[in-house]
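Enquirer: I would like to see how this sequence folds:
(one chain, ligands or ions: 1)
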Amino acid sequence: MKSVKVGILGLGTVGAGTAEVLSRNASEISRRSGYDIAVSMASVRDKSKPRGCDCSDFALTEDPLDIVNSTEVDIVVELIGGCDLAKELVLKAIANGKHVVTANKALIALHGNEIFSAAEKHGVVVAYEAAVAGGISIIKSIREGFSGNQIEAVAGIINGTGNFILTEMRDKGRTFDDVLAEAQELGYAEADPTFDVEGIDAAHKLTILAAIAFGTPLQFDDVYTEGISKLDLVDVAYAQELGYRIKHLGIAKKTETGLELRVHPTLVPEKRLLANVDGVMNAVLVKGDAVGNTLHYGAGAGAEPTASAVVADIVDVARTLDVASQQRVPALAFQANAVQELATKKQADFETAFYLRFQVKDIAGAMSQLSAGFAEQNISIEGITQKEPEKGQSTVSVIFITQKVQEGMVDEAIKQLESLAVVDGEAVKIRVEHLN
Ligand code: HSE
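Expert: Numbers count the residues shown, from 1 in each chain. The predicted structure follows:
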């Protein structure tokens, strides 16, 4: 049997998981791929440190260029993360005629257009299944499984750390910092965890999903991004009382007036499957004109679920080693010369429903002033709830769920209502998606 030699850049959580899965499942992998696939080299920052996998069968180096320039290595697996060094190494590997597998969502979201163009020029593959939603084969599903569809929308829980934090806070009343520390220990969180909690990691992944769903270039700068760090527990509880759960969603929708690309906390009706995806699990809903709604579920982070996607990419690359590059699945799902820019909508033009909470003085006529304000802006209200005043508080929480409306109109109404004497402080605004 012919052999394929893999060089791994970075033996952290995912790198060690990849080496372990390739070794443990070597026989099944060779039955599937037709190749004897093995790690021949791996780069680490410090060779003297203990590793999370058995390294006895391959060489370790502290210089990643040893791998990128090695004539022994067929596939370079980039698992060091970050952008600067990773980009340099990936472009060098491509220039050296090596295929690349990466789990680096930031690299693909920010530099993918340049990287895929270099790969096309050199006739090599850059595969990135592990960059989005860990072990779920969502890239393969969208690129290949739905190639007969016009994709209308993609919406998903695509950050395991954020979902883990929201779930533990809701179910166990644990503090944000406590759960985040556990997510870091378990290897779910990014090196800089603000990427998880401020939505940047999800925005990287949404950028990739939107490009392959709609055949557009990668356009990270056009994603509206809001994290979970400012979410108040009181709204998590109120949402639940109203029959919703708050999930941190990445949403990409194709509308007649342009693409909506947004990442933010979202109220989802509790009966929807997506509302019941908890812990570190991810799920991505894809809506196609032919297939309708589909939901893809699995672990979104962690050593072996992510390694599962990395190894699947290695097998895919091995299977196409002898295939002419124009016959391979295109990097961004559409033929490179058919990828087209589409206008993206500004936040004020997003169309969705809203959960709005105002703190209101508990006096006669207050509610009618608020309702009148919405009527003036032509905003239709789906439901209103007034909570009992908390002990020692002079205001009550009044919650409005609007019907679908342009965000700019809601912002205008909020501005006017916040100026009323009966309203105390700033309103809380969280988007609501019914995901029909
Ligand atoms: N930090 C990421 C997450 C890792 O929590 O989802 C997987 O991309």
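Enquirer: Contact residues of the stretch 151-300 of the chain facing the ligand?
Expert: Residues of the stretch 151-300 of the chain lying near the ligand by Cβ under 6 Å from any ligand atom: N159, G160, T161, Y188, A189, E190, D196, D201, G300. From N, CA and C alone the C-beta is placed, and that goes for glycine too.
Enquirer: if you set the cut-off to 8 Å instead, what comes out?
Expert: Residues of the stretch 151-300 of the chain lying close to the ligand (Cβ under 8 Å from any ligand atom) are 158-164, 183, 188-190, 193, 195-196, 201-202, 205, 280, 282, 300.
Enquirer: Contact partners for N104?
Expert: Counting by Cβ atoms under 8 Å, 6 or more residues apart in numbering, N104 touches E78, L79, I80, G81, G82, C83, A86, Y128, A131.
Enquirer: Verify the stated contact: the fifth one with L110.
Expert: In this case it means G82. No. Using Cβ atoms under 8 Å, G82 is not in contact with L110, being 10.7 Å away.
Enquirer: what about those two, which has more around it?
Expert: Set G82 next to L110 and count neighbours by other Cβ atoms under 10 Å: L110 wins out with 18 against 14.
Enquirer: SS state for that one?
Expert: helix (DSSP: H, G, I helix; E, B strand; the rest coil).
Enquirer: Please report the distance of it from A309.
Expert: Distance from L110 to A309, counting by Cβ to Cβ, to the nearest Å: 20 Å.
Enquirer: cool, G34 as well?
Expert: With distances taken as Cβ to Cβ, G34 is found 20 Å from A309.
Enquirer: and those two? which has more neighbours close in?
Expert: It is A309, of G34 and A309, that has more neighbours when counted by other Cβ under 10 Å, with 28 against 14.
Enquirer: Secondary structure class of that one, three-state.
Expert: Strictly by three-state DSSP, A309 counts as helix.
Enquirer: from now on call the first residue 124
Expert: Sure thing, new numbering starts at 124, so read that last one as A432.
Enquirer: tell me the contacts of it?
Expert: A226, E252, A253, G257, G258, I259, S260.
Enquirer: what secondary structure does the residue nearest to the fifth one when sequence neighbours are not counted sit in?
Expert: Once its chain neighbours are removed from consideration, G258 has its nearest residue in P428; the separation is 3.4 Å (Cβ to Cβ, 6 or more residues apart in numbering). Under three-state DSSP, the three-state class of P428 is helix.
Enquirer: G421 is in contact with P428, correct?
Expert: Yes. Counting by Cβ under 8 Å, P428 touches G421, with 6.7 Å between them.
Enquirer: measure the residue of the chain most remote from its centre to the ligand for me?
Expert: Largest separation from the mean C-alpha position in the chain: A487, at 45.9 Å (Cα atoms, centre = their mean). In this view, A487 and the ligand are 49 Å apart by Cβ to the nearest ligand atom, to the nearest Å.
Enquirer: do you know how far that residue is from V545?
Expert: According to Cβ to Cβ, A487 stands 10 Å off from V545.
Enquirer: One more: V519?
Expert: Distance, V519 to V545, using Cβ to Cβ: 11 Å.
Enquirer: Find residues that contact each of these two.
Expert: Contact criterion Cβ under 8 Å, 6+ apart; residues shared by V519 and V545: V483.
Enquirer: residue boundaries of the helices in the stretch 424-559 of the chain?
Expert: For the stretch 424-559 of the chain, the helices defined by DSSP state H, counting those that start in this stretch cover 426-442, 489-499, 530-541.
Enquirer: which helices and strands sit right next to the last one?
Expert: Translated: helix 530-541. When contacts are defined as 3 or more Cβ pairs under 8 Å, 6 or more residues apart in numbering; DSSP states H and E, helix 530-541 sits against strand 474-484, helix 489-499, strand 546-555.
Enquirer: list the helices and strands the second one packs on?
Expert: The one in question is helix 489-499. Of the remaining helices and strands, those touching helix 489-499 by 3+ Cβ pairs under 8 Å, 6+ apart are strand 474-484, strand 504-509, strand 518-525, helix 530-541.
Enquirer: got the contact list for the longest one?
Expert: When contacts are taken as Cβ under 8 Å, 6+ apart, the neighbours of helix 530-541 outside the stretch itself are 470-475, 477, 479, 481, 493, 496-497, 499-502, 525, 546, 548-550, 552.
Enquirer: now with 10 Å?
Expert: Residues outside helix 530-541 that contact it (Cβ atoms under 10 Å, 6 or more residues apart in numbering): 347, 383, 385, 468-477, 479, 481, 483, 492-493, 495-502, 523, 525, 528-529, 546-552, 554.
Enquirer: count of neighbours near the closest residue in space to A432 that isn't next to it in sequence?
Expert: With sequence-adjacent residues excluded and distances taken as Cβ to Cβ, 6+ apart, A432 is closest to A253, at 3.7 Å. Using other Cβ under 10 Å, the number of residues around A253 comes to 27.
Enquirer: same check, this time on H557
Expert: Neighbour count for H557, taken as other Cβ under 10 Å: 12.
Enquirer: So it sits against V391, correct?
Expert: Yes. With contact defined as Cβ atoms under 10 Å, H557 counts as touching V391 (8.1 Å).
Enquirer: Now do the shared contacts for these two.
Expert: Y367.
Enquirer: residue boundaries of the helices in the stretch 274-423 of the chain?
Expert: 283-295, 299-308, 317-320, 323-337, 356-364.
Enquirer: Output the third one as CSV, nothing but the C-alphas.
Expert: Yep, that's helix 317-320 we're talking about. This file holds the C-alpha atoms of helix 317-320, laid out as CSV (Å, rounded to 0.1, in the frame of the first residue of the first chain):
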residue,chain,number,x,y,z
THR,A,317,-12.6,36.9,24.7
PHE,A,318,-12.8,35.4,21.2
ASP,A,319,-15.4,33.0,22.6
VAL,A,320,-17.4,35.2,24.8
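Enquirer: For the ligand, give me its nearest residue in the stretch 374-523 of the chain.
Expert: Distances between the stretch 374-523 of the chain and the ligand by Cβ to the nearest ligand atom are smallest at A424, namely 3.7 Å.
Enquirer: and that residue, what does it touch?
Expert: If a contact means Cβ under 10 Å, 6+ apart, then A424 has 136-137, 256-258, 282-284, 286-287, 306, 309-313, 319, 324, 403-405 as its contacts.
Enquirer: same thing with G175?
Expert: Applying Cβ under 10 Å, 6+ apart, we find G175 in contact with L134, G135, T136, V137, G138, A139, G140, A142, E143, G310, A426.
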